[in-house]
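>>> make a model of this:
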Amino acid sequence: PLYLVFQNQHCTRHSMFGSCGLTVFTITLRLLANAQEQTCAADDVSCFFNEKLTTSTITLNDGNKIPIIGLGTWVASRTERTREYWDAEEGELYSSDKSAAMSEQVLTADKEEEELFKNAVITAVKAGYRHIDSAVVYRTESVVGDALQQLYKTADIKREDVFITTKVPRQYRDMKQVRDGIEASFKLLQTDYIDLYLIHSPHSDAEEGKRGTDVLNIYRLLLDYKKQGRIKSVGVSNFGVQHLQSIERNGLPLPSVNQIEVSVFLVEEELIAYCQKKGIVIEAYSPLAQAKEPATSNELLIALANKYSAKLDRELSFAHIMIRWCIDKGFVVVPKSVTPSRIVANGNVFDFQLSAEDMKQLDALKQTNYRICWNPLHEEWDV
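Predicted coordinates:
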């Protein structure tokens, strides 16, 4: 819809347009979000731009700023393929070329996913996203790097405008392999520095009595890169309270971020409270419960989407409510999508805030305890 809003500051109701000496007329074009979302495509330079995505940040405990909403780049099929064709336990890097070992069908699927993610990154950045979440095991670093290089050349975007995250995979525990993997990240992402490097999980391959020592050594290595300025912030993912306590007990600075699975249906209350007390930002992955049935059919989410749709005069879905709940909780949130309309929609959550009563109702959904992904939070350490 096209709305014409006329603001008449000095004319009386009897004045005609031509006789209004100091009249100011403002014509406002308002394209409703859902209309924009339907037409936004990766190669559309007029793609809906949301400035709030660009400017809304949280300051980390090291002083760096992280955009509140990021684009996730994980898909289960790709990670499963990584584990099938690469043998990281034998020191192999996930960045090595395995195309010769793949069937034509598998290779085609792999390439199609890469194209989808590349277009997703381009769409997201054009829409205002300034935070891209990747990981070595996702094998999306090269895709992110290629997409950003294209944007640097064709859009008004510079490297320092974008916050890039990647992660040391669970399978990398040999220190040479970890270091080689970090160096590969710089090359694949085509960057001199990485904004946030996480340890993907607390899994330890050290012998009993020394469990956790290998992960702490990886953490020390990331801190060394931070001192060099090549990694701006160091964080962890899927770490429980005991792992964070071990980091502190061993005289190391606490991580800036702990990326864990969080949604209205899954809330690790003790861990979240500990992180917030210690100044560690919670970053929520799978915040939409991967848009599976508990989320899409939940009566409360539907009711709240309808309520705020009426207030805002635009269409909202369960996803808007779930993402806004994360933001109102103080979390960074990284919803994943490769669909342009959903990428745009997921970022369109800055024009409303959930009421205290609605937050209370949503908080009660945690009783569902619905987990989508793995749960390494309780991996045992000895250190």
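
>>> please count neighbours and contacts with C-alpha atoms only from this point.
Will do.

>>> per-residue confidence averaged over stretch 64-77?
Regarding stretch 64-77, the rounded mean pLDDT is 94.

>>> that one: how far from the chain's middle?
Taking CA atoms, centre = their mean, to the nearest Å, one finds stretch 64-77 lying 2 Å from the centre of the chain it belongs to.

>>> now swap in stretch 261-281 and tell me
Centroid displacement of stretch 261-281 relative to its chain, using CA atoms, centre = their mean, is 16 Å.

>>> just the CA coordinates for it, please, in PDB.
Output of stretch 261-281 as PDB, limited to C-alpha atoms (Å, rounded to 0.1, in the frame of the first residue of the first chain):
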ATOM      1  CA  GLU A 261      20.800 -23.200  22.100                       C
ATOM      2  CA  VAL A 262      18.000 -21.000  23.400                       C
ATOM      3  CA  SER A 263      14.400 -20.500  22.600                       C
ATOM      4  CA  VAL A 264      11.200 -19.900  24.500                       C
ATOM      5  CA  PHE A 265      10.900 -23.700  24.700                       C
ATOM      6  CA  LEU A 266      14.500 -24.200  26.000                       C
ATOM      7  CA  VAL A 267      16.000 -22.000  28.700                       C
ATOM      8  CA  GLU A 268      19.200 -23.000  30.600                       C
ATOM      9  CA  GLU A 269      18.300 -20.800  33.600                       C
ATOM     10  CA  GLU A 270      21.400 -21.500  35.800                       C
ATOM     11  CA  LEU A 271      23.800 -21.200  32.900                       C
ATOM     12  CA  ILE A 272      22.200 -18.000  31.600                       C
ATOM     13  CA  ALA A 273      22.200 -16.400  35.100                       C
ATOM     14  CA  TYR A 274      25.800 -17.300  35.600                       C
ATOM     15  CA  CYS A 275      26.900 -15.800  32.300                       C
ATOM     16  CA  GLN A 276      24.900 -12.600  32.800                       C
ATOM     17  CA  LYS A 277      26.400 -12.300  36.300                       C
ATOM     18  CA  LYS A 278      29.900 -12.700  34.900                       C
ATOM     19  CA  GLY A 279      29.400 -10.400  31.900                       C
ATOM     20  CA  ILE A 280      29.400 -13.100  29.300                       C
ATOM     21  CA  VAL A 281      26.900 -12.400  26.500                       C
END
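
>>> buried set for it?
Using 16 or more other CA atoms under 10 Å as the test for burial, stretch 261-281 gives 261-267, 271-272, 275, 279-281.

>>> would you reformat the residues you listed as TSV and include distance to K118?
Formatted as TSV, the buried residues of stretch 261-281 follow (distance: CA to CA, whole Å):
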residue	distance to K118
E261	24
V262	26
S263	26
V264	29
F265	30
L266	30
V267	31
L271	34
I272	32
C275	33
G279	33
I280	30
V281	28
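
>>> what residue lies at the spatial centre of this structure?
The centroid of the chain falls nearest to V334 when counting by CA atoms, centre = their mean (2.4 Å).

>>> quick check: the gap between that one and I132.
Using CA to CA, to the nearest Å, V334 is found at 8 Å from I132.

>>> go on, T140?
On the measure of CA to CA, T140 and I132 end up 10 Å apart.

>>> overlap in contacts, the two.
T73 (CA atoms under 8 Å, 6 or more residues apart in numbering).

>>> ok, back up a step: what about the residue nearest to the centre of the chain, distance to P255?
From V334 across to P255, the span is 18 Å (CA to CA).

>>> what do you get for L222?
Taking CA to CA, one finds L222 at 11 Å from P255.

>>> residues touching D313, list them.
D313 touches nothing, counting by CA under 8 Å, 6+ apart.

>>> export the helix or strand where E80 lies as CSV, just CAs?
Per DSSP states H and E: E80 is located in helix 76-85. The C-alpha trace of helix 76-85 is given here as CSV (Å, rounded to 0.1, in the frame of the first residue of the first chain):
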residue,chain,number,x,y,z
ALA,A,76,22.3,-30.3,9.2
SER,A,77,22.8,-32.0,5.8
ARG,A,78,26.0,-30.1,5.2
THR,A,79,27.5,-30.9,8.6
GLU,A,80,26.6,-34.6,8.2
ARG,A,81,28.3,-34.5,4.8
THR,A,82,31.4,-33.0,6.5
ARG,A,83,31.6,-35.8,8.9
GLU,A,84,31.1,-38.4,6.2
TYR,A,85,33.8,-37.3,3.8
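
>>> what is the neighbour count of the residue nearest to G209 when sequence neighbours are not counted?
Nearest non-adjacent residue to G209, counting by CA to CA, 6 or more residues apart in numbering: D382, 5.5 Å away. As a burial measure, D382 scores 13 neighbours (other CA atoms under 10 Å).

>>> just W325 next, same as before
Counted with other CA under 10 Å, W325 comes out at 23.

>>> what residues are up against W381?
Applying CA under 8 Å, 6+ apart to W381 gives the contacts 204, 210-212, 243.

>>> let me see the confidence value for it.
W381 carries a pLDDT value of 98.

>>> could you do W374 as well?
The model's pLDDT for W374 equals 88.

>>> what's the separation between it and I260?
W374 is 10 Å from I260, where distance means CA to CA.

>>> same thing with R220?
According to CA to CA, R220 stands 21 Å off from I260.

>>> what about these two, which has more around it?
Neighbour count, other CA under 10 Å: between R220 and I260, I260 has more, with 27 against 16.

>>> what segments of the stretch 1-150 of the chain are helices?
Using DSSP state H, counting those that start in this stretch, the helices of the stretch 1-150 of the chain run over 33-39, 51-55, 76-85, 104-127, 141-154.

>>> low-confidence stretches in this protein?
Applying pLDDT under 70 to the chain picks out residues 1-47.

>>> could I get the full set of strands for it?
Ranges of strands in the chain, per DSSP state E, are 57-59, 65-67, 71-72, 131-133, 163-168, 194-199, 231-237, 257-261, 281-285, 332-334.
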